[in-house]
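1. here's a sequence, model it:
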Amino acid sequence: MKIKEAYSSYLKYCELKMKPQSLRSIKSRFNTYILPFLGNYEIDKFKPLDYLEWQNNMQNKGFKYSYLKSLHYANISLFNFCINFYDLEKNIPKIVGNFKNNYDHREVVFWDYTDFKKFINYVDDPLYKALFDFLYWTGCRLGETLALTWKDLNNDIVNINKTISKEYINGARAITSPKTKKSIRKIRIDSKLGSELLQLQNNYIKNFANFNNDFYIFGGDTPLSPSTIERKKNKYCKLADVRQIRLHDFRHCHASLLLSNNIPITAIANRLGHSDINTTLNTYSHMLPEDEKRVINTLNSLKFKTI
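-> Next comes the predicted model:
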C-alpha cells in the first residue's frame, strides 16, 4: 500500500474524529507538502533515509519550526493509524524524530495600558468599543468572543463554551466547541465592562424589534466579520498613533496586564483557557524581567541570613 492510499483511509477516520478546522489543516498539510513528495512510496518499505531526505527538503523551504513540527506530527499520526489498523510494524517518522529547531520564537507583541488607553479613546463606535474592551479586559480568543450570545452572559460571569470556525455551513460560519476542553470555562468581568455590555444590550433592544437572547453580543443576529474588525482596528491604531498589533495580540495584552499586577500564573492560565500551564509559562515568562532580580535577592537574603 502506498502512502497516498493509506492517507485516503486515514482521512476517512479523521472525518469521524476531528473538528472541521482541524480536518482542513490536516488536508492542507498532506495535500501541499507531504503527498506530493512521499505519496508514491510503499509505506511498508519506507526507510528512515527517505524521511530524512523529505525533512531536508522541507527545512530548505524556510518554514517556521512550528509549521515543520506540525508536518512531522501529521506524519506520525498517519503511521500510527497504519500500525493500529493495517499492522504496520514501524513508525518511521517517530523513529527519525522531529525537525531541527533553529530557534523559531515568535515575538509576543502587546500594548501596555497606556497604549491601549490611547487606542480605545479613538474608538467612536459603541459596538466596536465594547468589542475591543472585551478582548483587552478578558483575554478571550476572537473566535470565542464572536460566538458569544446574550445567553452566555450572566451578570458578571461569561460562559465560554463555543467558538466560531473558519468553516461555512449554509453560508454562515460554523459554531463549534472551543479549541480545547480546558477552553470551556467561566470568567468574571469587571463592573465597568459589565455596564458597557448592558448598554450595548439596551441598544439592541431599542434598535431590533426581534431582539432575543440568541442574538450575538458582538453583531446582533449575525456575528461581526473578523475582516471588518481588522479594518476597524487598523483605522483606530493609525488615529491613535500606536503600534499595529494583531487581534490575537489583545489576548497577550491581557496576560501582560495581569502579570504586571502580580496575578499568579495558574490563575492566568485558567482565565486564558490554556490546556497546560506550560503553554502560559512558555508564552509569557519573558514578560517578567524582574523575576531574575527577585531570584538573586532571595538567594542573597538566604545566604546572609543568620542561622
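2. quick one, what contacts the nearest residue to P226 once chain neighbours are set aside?
-> Nearest residue to P226 in three dimensions, chain neighbours excluded: L142, at 6.4 Å (Cβ to Cβ, 6 or more residues apart in numbering). Quick note: C-beta positions are derived from backbone N, CA and C, even for glycine. For L142, the contact set (Cβ atoms under 8 Å, 6 or more residues apart in numbering) comprises 135, 226, 229, 247-248.
3. next one: Q201
-> Neighbours of Q201 in contact, by Cβ under 8 Å, 6+ apart: 150, 217.
4. how near is it to A174?
-> Distance from Q201 to A174, counting by Cβ to Cβ, to the nearest Å: 25 Å.
5. tell me which residues of the longest helix along the chain are tucked away?
-> Across the chain, the longest stretch assigned as helix under DSSP state H is helix 65-86. Neighbour-count burial for helix 65-86, counted by 16 or more other Cβ atoms under 10 Å, picks out 65, 68, 70-72, 74-79, 81-82.
6. closest one of these to T283?
-> Nearest to T283, judged by Cβ to Cβ, of the buried residues of helix 65-86 is Y65 at 15.3 Å.
7. distance of the residue nearest to the spatial centre of the chain from Y41?
-> Nearest to the geometric centre of the chain sits R141, at 6.7 Å (Cα atoms, centre = their mean). R141 is 38 Å from Y41, where distance means Cβ to Cβ.
8. all strands for the stretch 101-250 of the chain, in order.
-> Taking DSSP state E, counting those that start in this stretch to define them, one finds strands in the stretch 101-250 of the chain at 153-154, 157-160, 163-169, 172-176, 185-188.
9. run the chain-centre distance for the fourth one.
-> Per Cα atoms, centre = their mean, to the nearest Å, the displacement of strand 172-176 from the mean C-alpha position of its chain is 17 Å.
10. could you do the first one as well?
-> How far strand 153-154 lies from its chain's middle: 24 Å, per Cα atoms, centre = their mean.
11. thinking again about what came up before, tell me which of the strands of the stretch 101-250 of the chain lies nearest to E15.
-> Comparing the strands of the stretch 101-250 of the chain by Cβ to Cβ, strand 163-169 comes nearest, at 12.8 Å.
12. tell me if I'm right that K182 and I277 touch.
-> No - taking contacts as Cβ atoms under 8 Å, K182 lies outside contact range of I277: 10.0 Å.
13. re the thing from before, could you export the longest helix of the chain as CSV, CA atoms only?
-> This file holds the C-alpha atoms of helix 65-86, laid out as CSV (Å, rounded to 0.1, in the frame of the first residue of the first chain):
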residue,chain,number,x,y,z
TYR,A,65,9.8,25.4,13.1
SER,A,66,6.2,25.4,14.4
TYR,A,67,4.9,24.6,10.9
LEU,A,68,7.6,22.0,10.3
LYS,A,69,6.7,20.4,13.6
SER,A,70,3.0,20.2,12.5
LEU,A,71,4.0,18.4,9.3
HIS,A,72,6.1,15.9,11.3
TYR,A,73,3.3,15.1,13.8
ALA,A,74,0.9,14.7,10.9
ASN,A,75,3.2,12.0,9.5
ILE,A,76,3.5,10.4,12.9
SER,A,77,-0.3,10.3,13.2
LEU,A,78,-0.7,8.7,9.7
PHE,A,79,1.9,6.0,10.6
ASN,A,80,0.2,5.3,14.0
PHE,A,81,-3.1,4.9,12.2
CYS,A,82,-1.5,2.3,9.9
ILE,A,83,0.1,0.5,12.8
ASN,A,84,-3.3,0.3,14.6
PHE,A,85,-5.4,-0.6,11.5
TYR,A,86,-3.0,-2.2,9.0
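14. who touches it?
-> 1, 3, 6-7, 9-10, 13, 25-26, 29-30, 33-34, 38, 43, 51, 55, 58-59, 88-94, 98-99, 101-104, 106.
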